[in-house]
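Asker: Quick check, what structure comes out for this input:
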Amino acid sequence: MQISALLNHLLPFRRAPARASARPPVLLVIGAHREELSFGEAVAAQLDRQRLDLLRIPVGISGQRPGPDALEEYRQRHAELYRQILEHVQPAQRVLIDLHTGFDERLCSADVLCGEPALLRCIEQQASQPGAPSGGGMRAVRLVASDRDAVLSPGECPRAESWPWVSPVLPEAIWNRRRPLYVGIEVYLASSSYALSSRGTAAEVRLAAAVIEAVSDCALSVQRAMEPG
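Answerer: Modelled structure (predicted):
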């Protein structure tokens, strides 16, 4: 299927109803990978909509990565989808949270992925607090453009050396920006979302909601610190 034809099936995105006044400063995206939409809806139902705006993608693309021959088209489809997501971000919205799921039958946990070291430090601090999300907890993961970028940069916090890192499928122009600050969250479920449209267990939904709230607090704090004056 041509990319242009595919995108006709992805649109329109559905922004959940909100008050006519200013949008919340955090936008949560669910359903970018179509297999994960049911879980995203269950999590969104637990969140305070006065604090987070919701962008629901009714027919996203598959999150299953294809073989080498189809990988370039897969990357292009991801890139175009996320460019369109950025078009839905309102001027007052400073943070874009992108919710995904993974599979780990042993442990319910979540990775928080971002290219901004200050956000990752804040997440580490949150994870160490007594009131941190229960279950397997949160792990800070750094987004990098290439293997070389995973090396600690001069002047960065030495603790950053311990961060695992990943080079995302998304274009750097999407995830490596300060406004909106992109933060990916991957919640690991005991049942694979690719086998069926899983809504997750109650504990998994609670963990995801708690992680999103913690990420929102950290991201807004980081954004305020980065703003001039």
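Asker: give the contact list for Phe39.
Answerer: Leu99, Thr101, Val187, Leu189, Ser193, Ser198, Arg199, Gly200, Glu204, Val205, Ala208 (C-beta atoms under 8 Å, 6 or more residues apart in numbering). Where you see a C-beta, it was placed from the backbone N, CA and C, and this is true even at glycine.
Asker: One more: Asp98?
Answerer: Contact analysis of Asp98 by C-beta under 8 Å, 6+ apart lists Val29, Ala32, Tyr182, Val183, Gly184, Ile185.
Asker: Mind checking which of those residues are in strands?
Answerer: Val29, Tyr182, Val183, Gly184, Ile185 (DSSP state E).
Asker: could those residues be laid out in JSON lines, adding pLDDT, distance to Asp69 and neighbour count?
Answerer: Putting the ones in strands among the contacts of Asp98 into JSON lines (pLDDT from 0 to 100; distance: C-beta to C-beta, whole Å; neighbours: other C-beta atoms under 10 Å) gives the following:
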{"residue": "Val29", "pLDDT": "97", "distance to Asp69": "29", "neighbour count": "24"}
{"residue": "Tyr182", "pLDDT": "97", "distance to Asp69": "29", "neighbour count": "27"}
{"residue": "Val183", "pLDDT": "98", "distance to Asp69": "32", "neighbour count": "28"}
{"residue": "Gly184", "pLDDT": "97", "distance to Asp69": "26", "neighbour count": "23"}
{"residue": "Ile185", "pLDDT": "97", "distance to Asp69": "30", "neighbour count": "22"}
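Asker: So for the contacts of Phe39, which is the shakiest by pLDDT?
Answerer: pLDDT across the contacts of Phe39 is lowest for Ser193, at 54.
Asker: how far away is Ala118 from Pro25?
Answerer: Distance, Ala118 to Pro25, using C-beta to C-beta, to the nearest Å: 17 Å.
Asker: Correction: the previous question concerned His78.
Answerer: From His78 to Pro25 the distance is 25 Å (C-beta to C-beta).
Asker: can you give me the strands for the chain?
Answerer: Using DSSP E, the strands found in the chain span residues 14-15, 26-30, 52-56, 95-103, 109-114, 138-143, 165-166, 181-189.
Asker: Could you list the low-pLDDT ranges of the protein?
Answerer: Low-confidence segments of the chain (pLDDT under 70): 1-21, 131-136, 147-161, 192-197, 228-229.
Asker: Tell me which other helices or strands the longest helix along it touches.
Answerer: Determined from DSSP state H, the single longest helix within the chain is helix 202-226. Applying 3 or more C-beta pairs under 8 Å, 6 or more residues apart in numbering; DSSP states H and E, one finds that helix 202-226 contacts strand 26-30, helix 37-44, strand 95-103, strand 109-114, helix 117-127, strand 181-189.
Asker: Reformat these as TSV; add distance to Ser62.
Answerer: Listed next are the helices and strands packed on helix 202-226 as TSV, based on distance: least, C-beta to C-beta, whole Å:
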stretch	distance to Ser62
strand 26-30	15
helix 37-44	12
strand 95-103	12
strand 109-114	19
helix 117-127	28
strand 181-189	16
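Asker: Please identify the one among those that comes closest to Met226.
Answerer: For the helices and strands packed on helix 202-226, distance to Met226 was read as C-beta to C-beta. The smallest value, 7.6 Å, belongs to helix 117-127.
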